[in-house]
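>>> Have a look; sequence and predicted model below, questions after that.
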Amino acid sequence: MSQLYDCVIVGAGPAGGSAAYHLAKRGRSVLVLEKEPLPRYKPCGGGVSPMVAAWFDFDFGPAISLTIRQIRYTWCSGDPVVADLDLKDPVWMVRRDVFDHYLIQQAQGQGATLQAECAVSGIEWQSDRWQVMTASGPVWGRYLIGADGAKGSMAKWLGFQERQRRLAAALEAEVPVAQPETAAAHFDFGAVSNGYIWNFPKADGYSIGAGTFRGGEKQNLREIAAGYAQTFGVDLNSVKQFGHPICLWDEDQPLHTQNALLAGDAACVIDPFTAEGIRPSLLTGLLAAQAIDSALAGNGDALAHYSAQVQQEWGSEMRWAKRIAALFYRFPGLGYKVGVKRPGATRRMGQILVGELRYSDVAASAIRKLSGGLFS
């Protein structure tokens with residue numbers, strides 16, 4: 001029998017990379033399985049809160065394409081609002097192929113093992129360990145982390161068939177541009193029902209996409225995004241576009257089972273208002289690593305504590321985000337008027353995006369203004 005790892009992690013995205021880094025740093029033997037070659041393209045706007053740096057002891061600088069201190073909002077490409085983000089640290093703009101691979105490389109530097117281009121075909125609990133079946137043969141781990149994203153099979157195989165989640169949809173394309181406008185991240189409301197369009201600049205181009213987060217009528221996101229891209233002089237039809245599902249947080253739920261945890265998008269922790277996913281993925285990866293390290297040390301309650309901790313540290317805020325999203329996307333014109341154009345609102349949203357403010361700090365006021373606006 002081949003090596004028995006302390007933990008096998010399925011998926012090399014932010015959650016898997018974060019868990020691998022923190023477990024390996026604690027001296028645990030870690031194997032990361034990733035079905036794609038690394039680095040690999042990942043559809044994502046690529047905005048990251050700088051607060052995540054506090055969870056790691058290395059410099060993310062090489063993985064950051066550029067930083068921004070400005071957000072530009074529009075309503076159907078008009079009625080612009082430009083806000084300078086008076087923040088302690090600027091927002092990071094990253095390309096996920098670079099960012100994810102860099103994080104895995106840091107984990108490898110701590111001793112983690114990576115098997116890329118290694119798809120998982122099934123799992124089986126064997127008395128005191130997980131057997132994970134791959135195209136290269138079985139591997140074994142005392143503990144298992146499912147971090148294989150919204151479309152992965154780990155949640156189902158681990159028995160989480162009925163996860164609490166709201167499925168969202170997004171379309172995204174990376175567009176190379178010789179001299180992109182890099183001053184601001186752009187958000188456009190009104191053209192997409194129950195969502196928004198974005199243009200996040202990178203040092204060498206744009207990430208342009210559209211997402212719908214509350215369900216409802218069918219929309220041609222490809223056509224909508226292409227029309228928006230033209231306002232930046234970009235032809236989206238000249239590049240490949242990627243559609244993908246997103247598992248938005250909907251309710252608190254158990255994320256642990258027999259010697260296994262879910263993390264990242266597989267754990268349905270994506271912000272239901274903004275669809276921010278990198279920060280909660282990194283957070284759940286960190287918490288999963290702490291829990292499994294504690295379990296390996298003999299703490300029988302460690303995995304259950306992980307579920308509770310995610311609910312306490314993330315779910316408690318997402319309840320407010322869900323309430324704000326329900327109002328904002330139901331009445332987007334009003335939301336734009338009182339939630340975007342109102343003085344100070346954009347600064348507070350920027351502070352939430354980077355973690356300087358919590359939804360609970362502003363939710364009561366935001367809900368009151370959105371609700372009050374319906375009758376004003």
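All right, it came through fine.
>>> per-domain residue ranges of the protein.
With domains defined by automatic domain parsing, the chain comprises 4-66+90-163+250-321, 166-247, 323-373.
>>> ok, V177 to I68 distance?
For V177, the distance to I68 (C-beta to C-beta, to the nearest Å) stands at 16 Å. Where you see a C-beta, it was placed from the backbone N, CA and C, and this is true even at glycine.
>>> make that S238, sorry
From S238 to I68 the distance is 25 Å (C-beta to C-beta).
>>> Who has more neighbours out of those two?
I68 (18 against 10; other C-beta atoms under 10 Å).
>>> neighbouring strands for the lengthiest strand in the chain, and are they parallel or not?
When the chain is parsed with DSSP state E, its longest strand is strand 165-176. Sheet pairing of strand 165-176 (DSSP bridges) gives strand 205-212 (antiparallel), strand 242-249 (antiparallel).
>>> Can I get it in PDB? Just the C-alpha atoms.
Extracted C-alpha coordinates of strand 165-176, given in PDB (Å, rounded to 0.1, in the frame of the first residue of the first chain):
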ATOM      1  CA  ARG A 165     -27.400  26.800  -1.400                       C
ATOM      2  CA  ARG A 166     -28.700  29.200  -4.000                       C
ATOM      3  CA  LEU A 167     -27.300  28.300  -7.400                       C
ATOM      4  CA  ALA A 168     -26.200  31.300  -9.400                       C
ATOM      5  CA  ALA A 169     -24.800  31.600 -12.900                       C
ATOM      6  CA  ALA A 170     -22.000  33.700 -14.400                       C
ATOM      7  CA  LEU A 171     -20.300  34.200 -17.700                       C
ATOM      8  CA  GLU A 172     -16.700  35.500 -17.800                       C
ATOM      9  CA  ALA A 173     -14.000  36.200 -20.300                       C
ATOM     10  CA  GLU A 174     -10.400  37.300 -20.000                       C
ATOM     11  CA  VAL A 175      -9.500  39.900 -22.700                       C
ATOM     12  CA  PRO A 176      -5.900  40.900 -23.400                       C
END
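>>> Next SSE downstream of it?
Following strand 165-176 in sequence order, the next helix or strand is strand 185-189 (DSSP states H and E).
>>> residue ranges with poor pLDDT in the stretch 251-376 of the chain?
Across the stretch 251-376 of the chain, the ranges flagged by pLDDT under 70 are 370, 372-376.
>>> In stretch 109-116, which residues are buried?
Using 16 or more other C-beta atoms under 10 Å as the burial criterion, the residues of stretch 109-116 that qualify are 110, 112-116.
>>> what's next to it, contact-wise?
Here stretch 109-116 makes contact (C-beta atoms under 8 Å, 6 or more residues apart in numbering) with 5, 12, 20-21, 23-25, 27, 29-34, 36-38, 104, 107-108, 134, 136, 139.
>>> average pLDDT for that stretch?
Confidence over stretch 109-116 (mean pLDDT, whole number) is 98.
>>> May I have the distance across that stretch, first residue to last?
16 Å (C-alpha to C-alpha, to the nearest Å).
>>> thinking again about what came up before, what are the buried residues along the longest strand of the chain?
Buried residues in strand 165-176, counted by 16+ other C-beta under 10 Å: 165-166, 168-175.
>>> Which residue ranges of the stretch 101-250 of the chain form helices?
Counting by DSSP state H, counting those that start in this stretch, the segments of the stretch 101-250 of the chain that form helices are 154-157, 221-230.
>>> nearest to M318, of the ones you listed?
helix 154-157 (18.1 Å; C-beta to C-beta).
>>> Alpha carbons of that closest one, in CSV - could you do that?
Below are the C-alpha coordinates for helix 154-157, written out as CSV (Å, rounded to 0.1, in the frame of the first residue of the first chain):
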residue,chain,number,x,y,z
MET,A,154,-17.0,15.4,-3.5
ALA,A,155,-20.0,16.8,-1.7
LYS,A,156,-22.3,14.2,-3.2
TRP,A,157,-19.9,11.3,-2.5
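>>> what does that helix contact?
Against helix 154-157 from outside (C-beta under 8 Å, 6+ apart): 10-11, 120, 122-123, 144, 146-148, 161, 163, 262, 266.
>>> what do you get if the cut-off is 6 Å, keeping everything else the same?
10, 123, 146, 148, 262, 266 (C-beta atoms under 6 Å, 6 or more residues apart in numbering).
>>> The closest residue to P138 other than its chain neighbours: how many residues sit nearby?
Of all residues not flanking P138 in the chain, Q131 sits nearest, at 5.2 Å (C-beta to C-beta, 6 or more residues apart in numbering). Close neighbours of Q131, defined as other C-beta under 10 Å, add up to 16.
>>> same question, the one 5 residues further on
Other residues lying near S136 total 11 when counted by other C-beta under 10 Å.
>>> quick one: contacts for it?
Listed by C-beta under 6 Å, 6+ apart, the contact partners of S136 are C118.
>>> let's go with 10 Å and repeat that
33, 115, 117-119 (C-beta atoms under 10 Å, 6 or more residues apart in numbering).
>>> Buried subset of those residues as a PyMOL selection?
If you want just the buried ones from the contacts of S136 in PyMOL, going by 16+ other C-beta under 10 Å, the selection is:
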select buried, resi 33+115+118
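>>> ok so, going back, do you know which of the helices of the stretch 101-250 of the chain lies nearest P80?
Short answer: helix 221-230, nearest of those by C-beta to C-beta, at 13.4 Å.
>>> Output the contacting helices and strands for that closest one.
Packed against helix 221-230 by the contact rule (3 or more C-beta pairs under 10 Å, 6 or more residues apart in numbering; DSSP states H and E) you find strand 165-176, strand 185-189, strand 195-202, strand 205-212.
>>> Reformat these as JSON lines; add distance to E276 and mean pLDDT.
JSON lines is the format used below for the helices and strands packed on helix 221-230 (distance: least, C-beta to C-beta, whole Å; pLDDT from 0 to 100):
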{"stretch": "strand 165-176", "distance to E276": "12", "mean pLDDT": "89"}
{"stretch": "strand 185-189", "distance to E276": "12", "mean pLDDT": "95"}
{"stretch": "strand 195-202", "distance to E276": "12", "mean pLDDT": "95"}
{"stretch": "strand 205-212", "distance to E276": "11", "mean pLDDT": "94"}
